[in-house]
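Student: Structural data only, the sequence is not supplied:
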């Protein structure tokens, strides 16, 4: 009981002198270094982070997040995602852009005794765009556009029949749909 009373007495000054919660967000920029090692990437280095715009509404802060990674096996991944609110806070624009150049190896197991490997490069670009309009403070509606293009490039000469059989052919997909969001978080 004495420990609880002592803890309570130590916390009283924190409550008495605590600042009022800040209702604004100042401009800020953050960069976080990235480093990792995996057998399929070797050593990879990069950075991730974001830029946060000044806002007087903690529920609706415009930002741009990003990451870029390069591995010692010449693999590169880039990602950027702007989330922008209009000045009136009635419109919200979300975009997600990814690009990847990724040399890798595909292992094809013919049977337990035979495993074949094929070197290839995965090259793809992806875009998602979601403009929305707020109907109420927490509810918005909009459209969702998605696009992805991928074109694998084989390093070794490989039979085109195997390429089609394994699904390694270039492709382009896109879609358009409706979107609704209900978000009551306070920040």
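Tutor: Received, thanks. Note that this is a predicted model, so its numbers are computed, not measured.
Student: what number of residues lie near residue 33?
Tutor: Using other Cβ atoms under 10 Å, residue 33 has 9 neighbouring residues. Any C-beta I mention is one placed from the backbone N, CA and C, and that applies to glycine too.
Student: show me the contacts for the residue lying closest to residue 38 once chain neighbours are set aside.
Tutor: Nearest non-adjacent residue to residue 38, counting by Cβ to Cβ, 6 or more residues apart in numbering: residue 44, 7.4 Å away. Counting by Cβ atoms under 8 Å, 6 or more residues apart in numbering, residue 44 touches 34, 35, 36, 37, 38, 69, 70, 71, 72, 75.
Student: right, and the helix or strand after the one helix or strand in the chain whose mean pLDDT sits lowest?
Tutor: For the chain, counting by mean pLDDT, DSSP states H and E, helix 2-16 ranks last in confidence among helices and strands (a mean of 45). With elements assigned by DSSP states H and E, the helix or strand that comes after helix 2-16 is strand 28-38.
Student: So which other helices or strands are in contact with that following strand?
Tutor: Here strand 28-38 touches strand 42-52, going by 3 or more Cβ pairs under 8 Å, 6 or more residues apart in numbering; DSSP states H and E.
Student: Paired strands for the strand it packs on, with orientation please.
Tutor: Each strand paired with strand 42-52, and its direction, by DSSP bridges: strand 28-38 (antiparallel), strand 63-71 (antiparallel).
Student: How far off centre is it?
Tutor: 12 Å (Cα atoms, centre = their mean, to the nearest Å).
Student: same check, this time on stretch 133-144
Tutor: Here the centre of stretch 133-144 is set off from its chain's centre by 22 Å, with Cα atoms, centre = their mean.
Student: same question for that stretch, mean pLDDT?
Tutor: The predicted model assigns stretch 133-144 a mean pLDDT of 95.
Student: can you give me the end-to-end distance of that stretch?
Tutor: 12 Å (Cα to Cα, to the nearest Å).
Student: Mind listing what's buried along it?
Tutor: The neighbour-count check on stretch 133-144 (16 or more other Cβ atoms under 10 Å) flags 134, 140, 142, 144 as buried.
Student: quick one: which of those residues is nearest residue 152?
Tutor: Nearest to residue 152, judged by Cβ to Cβ, of the buried residues of stretch 133-144 is residue 144 at 26.6 Å.
Student: For that closest one, pull up the helix or strand it's in.
Tutor: Going by DSSP H and E, residue 144 is in strand 139-150.
Student: where's the residue nearest to residue 38 relative to residue 115, distance?
Tutor: As judged by Cβ to Cβ, to the nearest Å, residue 44 and residue 115 stand 26 Å apart.
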